[in-house]
Each structure stands twice: as C-alpha cells, then as structure tokens.
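[1] Fold the following for me, if possible:
(2 chains)
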2 protein chains.
Amino acid sequence: MAILCLLHQAYGKKLIGAIREALPDEDIREWPEVGAPGDIDICMIFRMQPGFLKPYDNLKLISATGAGVDHYLLDPEFPRHLPLVRIVDRSFAARMADYVTSWVMFHHRDIAHYLEAQKRHEWAFRVMRPAAEVTVGVMGLGQMGALTAARLAAIGYDVRGWSRNPHEIDGVTCFSGEAGLRPFLEKTEILINLLPLTPQTRGILSSGTFAQMPKGGVLISAGRGGHMIEADITAALDGGQLRAATIDAFLTEPLPPDHPFWDQPGLYVTPHCSSTASLETTVEGFAENVRRFRAGQPLQNLVDYEQGY
Amino acid sequence: MAILCLLHQAYGKKLIGAIREALPDEDIREWPEVGAPGDIDICMIFRMQPGFLKPYDNLKLISATGAGVDHYLLDPEFPRHLPLVRIVDRSFAARMADYVTSWVMFHHRDIAHYLEAQKRHEWAFRVMRPAAEVTVGVMGLGQMGALTAARLAAIGYDVRGWSRNPHEIDGVTCFSGEAGLRPFLEKTEILINLLPLTPQTRGILSSGTFAQMPKGGVLISAGRGGHMIEADITAALDGGQLRAATIDAFLTEPLPPDHPFWDQPGLYVTPHCSSTASLETTVEGFAENVRRFRAGQPLQNLVDYEQGY
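    Next comes the predicted model:
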C-alpha cells in the first residue's frame, strides 16, 4: 500500500510536504520516484498523459488536485471502474467568484479605456452605468457558478443564470436546458462560462451563441479550452459582436507563445489562475478521503462518471 | 424670479434640456446668458471661481450638481447665509461603490501583472489569496462609504471602516475619531478614501498615514485632491510603502498633461469618473427642491455648513 502524487508545480515542495505531514502513517511517493508500481493503491494526480495510470495494477482510488476532472474523463484509457474524487471547497469557489467579479468590473467600468488614456496623459472622462443597469449571465450553476452569480447579484448587477438542470438562486433569474439558452442569452451583456466540459457543452462558445447576445458584449471564460471554438472568438472580437473577452483556460496550456490570442485586440489572456484550491484545503480534502478509504467509509466529492463532474 | 444653471460639460445640452422639461413654469437661464443678475433667485452650479456668486443680490437658494460641496465651502466669498443643497442619491453611491470595488479587485487580483505578462506572451501563473484574507479599510462612512464598505463585505473581504463619528455597519469593523485611526490602519492592506474634505481631513493621505499601514499596501482615493500630500504619494510608491494607488480626484482638474502622476510607476490616474449622479436623479432632486422652495416647504439634502457636508 502506497500513495503516488503527481502535483501542480505552482506549489513546489510545499504541497507534498504538507500531505506527508497530514498522513504520517502512509508511504507517500512523488512521481517520478514511484518504486514498485504494484505498491500503489491510491494516487493524486494533477494532469497526466493518456495511459499514465496503466502500470498501476493495484490502484483502488484516484484523487484529482482540483475541481475539474474533464481531462481524466477524456482519456479513453482512464480506469472508469475506480472511484475518482476531487477537491471541492468553499475557498475554491470563492476564489473563482473573485476572478470572475474582478473581470466583470474591469469590463463594466472600462478600466482598459483609462489605462490607455493615461499612457497619452489624457483626461478621458466617461459617464458609467451603475451595475444595476448591466446584465450579466452565468453559464453553469454548480458550486462555483452559484456563488459567483449570488455575489454579482449582491454587487447590484442584473444577474441571470443558465444550467442543464433547473436551479433557484436568490436575486438571480435562472434558465435551464436547451430551450432556456436563447432567452438567457438575449439580454446577457457580459457572459460568464463556468460550465463543466461535457459532450453537451463542448464548443458552446461559438459564433452561434455570441450571435444571440446583444452586439458589443463581453465574454469571460473560466471553464475549459474545449468550450471554445477559437476561430469564433477571434471573429466575434474582430467583427464587434464581442467588444472584449477574458479567457483563463485553453486547449493547450501553457498557451504557446506564438498563439494568435496573445495579440488579439480586446482579448485578455490569464494563465489558468482563476482559482486554485488552497494548499490547506487540498491537503485536508485528500487526507480525509484517504482516511475514509482505509476505514471503508463513504468517500467525499465522488465524481459521477455519467454527469462528468 | 429666474434660475441660473452652470453645469458639468459631460452632459452637454442634455441636462439643461431635462431641467427645463422638469420645471416648465420656471425661467431657466444657462450661464453665460444670465440676463439681469437681479432676476436670479435660485442657481445650480457645477464649479465656480471664487466670488462668482457676488453679482446675484437676490439669490435665495444654491444647489450643487453632485454630492461634494467642499469647493463652495472653501470659497471665502461664498454666501453662507443662504441654503445650499446637494444631489444625493442611491445610484450616486452605487456608482461610487462600483468604482471602488472594481479597483479593489483590480489590485487584489493583480490584473496589472497579467496585462504586462500578456504583452510578453508570458504564461505567468500566480496563486491568488481569497478575498476573505485581504483587509480593506474604508475612510469615510457617509452614504457612499457605508454602501462601499457593505458591498466589499458582501464580496467577502475583511472590511474595516473609519469615520469621525462612530458608525455601525453589518460585517464591518468600525473605528472612529483620532484615537481610532492607528488601530484602523495597522491591518489595512487596501486603503480607500471616501472622506469629505474638511479642515480635519485635508492632507490626511500623507507619509505619516501610509507608514501606519502594512508595507506594500494599496491606496484608492476617490475623495478630493486636497486629501493628498502629492509628494508623499510619489515617495510612498517609489519607496514601496505603497505598491499601487488609484486616484480619481486631484488638486487641479483636469490633471495637467505634464503632471508627474501620469508617468508614476504603480499609480493609476482616473479622470474624476468614480461617480456622477445620473441625469435623471440630478434633474429630479433639483426640481423637487425648486418646487419645495417655491411652496415654502423644507428642503432636501441641505448642507450643514458646520459639518461641511
């Protein structure tokens, strides 16, 4: 019995150290120092190549290091007979809401206009609309989307939400299903993508979707690269259907230095920084599931392979 | 009996047109087409030179066009025996809260870092603290400050407030008076100035104040130019006591093109755009006070010359 960890480099040696401290009785190995593959019965994996898990014949539990698990589910060789758990916590959702809110306000208050004017030493006064007059639409009403929508409503925005299944959130007008998409989009000036990546949502950020929004809208995508038709984003910005977009997740990460998105006018690239679980929550969530697994108790934050999250 | 208007140019001819429409029975004159000065008994003035009101012997009521009235009170020739009213409305405070919140989040989430990295096509990942771990301090807890503090608390920030007189705001730790300033500042990472400009608050944004904050803090001033010791702002940014500042109001406006603030690293200049009363609210508020004045009824939003607001 041993635990294999392949972790996000952003935490350096801190995360593995904290996991070892939280689980002092476990044999914890950090990839690539695996030892005998047959020893490994639990693993915690940040990202992996397809087939990465094949050598581990005795694997019984897999943990993600964050909330998103689509990259595991898209691997045809992923061992779907094993339980997959993820890290879900209030701070994770709160950080995502921070990210989204900061960019909603950046675009609503047109901070880019003032940054540009300052370079020219130009006093470029504009009258700003209050948040109550700005309609923001949140796609995806899971823990992250629901908290983000509620927070935008608390700030005073006119907030609508859309999700596969019906939801109710105080102060948010909710739409659902395929039939709800058009009425959701038709007044959405700032569109936020917090959907899980599933076969149904792949490619949803397309010209067809943008065309249903009022002209000159804004896109903020903190979902996955697979939600986007990249050429459609560029075309919508060039044609003015979108006046700006902030994108945090891409088909290839890090975004290659020669990718056209870097220099696209109106497009703001962020390096998948929208949210990370805190080190503390990641360690606690993982350690708790390891203890539950060893004790034969029900696991927390178990992924439903059918739903895809 | 006639009304003289000298209005903010940002609204062009719209504002005077709307005032005439709201008060169809009044003789409304737009400066400089005054006619006989003795006709004028009410005036609505955006900004004015000292002594501007001297020719108007029959003046009985003066209205500001916004919330701030310090520029009237600082005029030694201002006719303090006359009632002075101002425009105060929920949308005004809401827009101010929008402005402050947008810049708090800009600095908290370090959007400038990502904008710079994008120019270099650089994937510059950083872990961000959740809002709950960031302490924001609001100086001035009038209508604008109180709403701003409450909204920042709703977003999840650790919020403290400071004002001359004690206040209570849900979710906000409030300090007051001279004795409360040091404990208020000692944990404030992002300092927001929404104070009225009075003899007590003039020059409050000084090295002495910044030195009481944790090193590397942020200043957001949407108060008045007179709150700042300009050289101290520059010194605090150069020395790292402040890592950034956003300033919306200056001693001279528009800020002259050769002012050193434009090129100061870490300083973000905005053109007094933090909040404007909406055209609708300005017209309604002013028309209501004109009607009340003509009918001999108590005025709304009357300025207390002692308090200075």
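[2] host element of the residue at minimal distance from the centre of chain A?
    Central residue of chain A (CA atoms, centre = their mean): A:Gly223, 4.2 Å from the mean position. A:Gly223 is part of no helix or strand when elements are defined by DSSP states H and E.
[3] That one contacts A:Ile192, doesn't it?
    No - counting by CB atoms under 8 Å, A:Gly223 does not reach A:Ile192; the two are 9.1 Å apart. Heads up, the C-betas are built off the backbone N, CA and C, glycines and all.
[4] list the residues that contact both of the two?
    Residues touching both A:Gly223 and A:Ile192 (CB atoms under 8 Å, 6 or more residues apart in numbering or on different chains) are A:Met139.
[5] What residue spans form the domains of chain A?
    A:2-89+A:277-295, A:92-269 (automatic domain parsing).
[6] Adding distance to chain B and mean pLDDT, write those out as TSV.
    Shown next, in TSV, are those (distance: least, CB to the nearest CB, whole Å; pLDDT from 0 to 100):
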stretch	distance to chain B	mean pLDDT
domain A:2-89+A:277-295	6	91
domain A:92-269	3	96
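[7] who wins for proximity to B:Gly38 among those domains?
    Closest of these to B:Gly38 is domain A:92-269, at 35.1 Å (criterion: CB to CB).
[8] excluding its backbone neighbours, what's nearest A:Arg202?
    Once flanking residues are discounted, A:Arg202 sits nearest to A:Gly226: 5.1 Å by CB to CB, 6 or more residues apart in numbering or on different chains.
[9] Ok, A:Leu242 next?
    A:Leu242 sits nearest to A:Ala236 (CB to CB, 6+ apart), 4.2 Å away.
[10] Please give the element, helix or strand, for A:Thr252.
    For A:Thr252, there is no enclosing helix or strand under DSSP H and E.
[11] need the contact list for it.
    Contact partners of A:Thr252, counting by CB under 8 Å, 6+ apart, are A:225, A:259.
[12] ok, it to A:Met228 distance?
    Applying CB to CB, to the nearest Å, the value for A:Thr252 to A:Met228 is 12 Å.
[13] quick one: the helices in chain A?
    A:14-22, A:70-73, A:90-108, A:111-119, A:143-155, A:177-185, A:207-210, A:230-239, A:279-295 (DSSP state H).
[14] Check which helices and strands the fourth one is in contact with.
    In terms of contact count using 3 or more CB pairs under 8 Å, 6 or more residues apart in numbering or on different chains; DSSP states H and E, helix A:111-119 is assigned the packing partners helix B:90-108, strand B:267-269.
[15] wait, doesn't A:Arg29 sit right on A:Pro37?
    No - with contact defined as CB under 8 Å, A:Arg29 does not reach A:Pro37; the gap is 10.3 Å.
[16] Give me the more crowded residue out of the two.
    A:Arg29 (18 against 15; other CB atoms under 10 Å in any protein chain shown).
[17] Relative to A:Ile42, how far out is the more buried one?
    Using CB to CB, A:Arg29 is found at 11 Å from A:Ile42.
[18] residues bridging contact with those two, i.e. touching both?
    Common neighbours of A:Arg29 and A:Ile42 (CB under 8 Å, 6+ apart) are A:2-4.
[19] list the contacts for A:Arg20?
    By CB under 8 Å, 6+ apart, the contact set of A:Arg20 is A:26, A:28.
[20] One more: A:Tyr157?
    Taking CB under 8 Å, 6+ apart, we find A:Tyr157 in contact with A:104, A:108, A:131-132, A:134-136.
[21] I'd like these as CSV, with neighbour count and distance to B:Gly161 appended.
    As requested, those are arranged in CSV below (neighbours: other CB atoms under 10 Å in any protein chain shown; distance: CB to CB, whole Å):
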residue, neighbour count, distance to B:Gly161
A:Val104, 27, 25
A:His108, 22, 25
A:Ala131, 26, 21
A:Ala132, 15, 23
A:Val134, 23, 26
A:Thr135, 19, 31
A:Val136, 28, 27
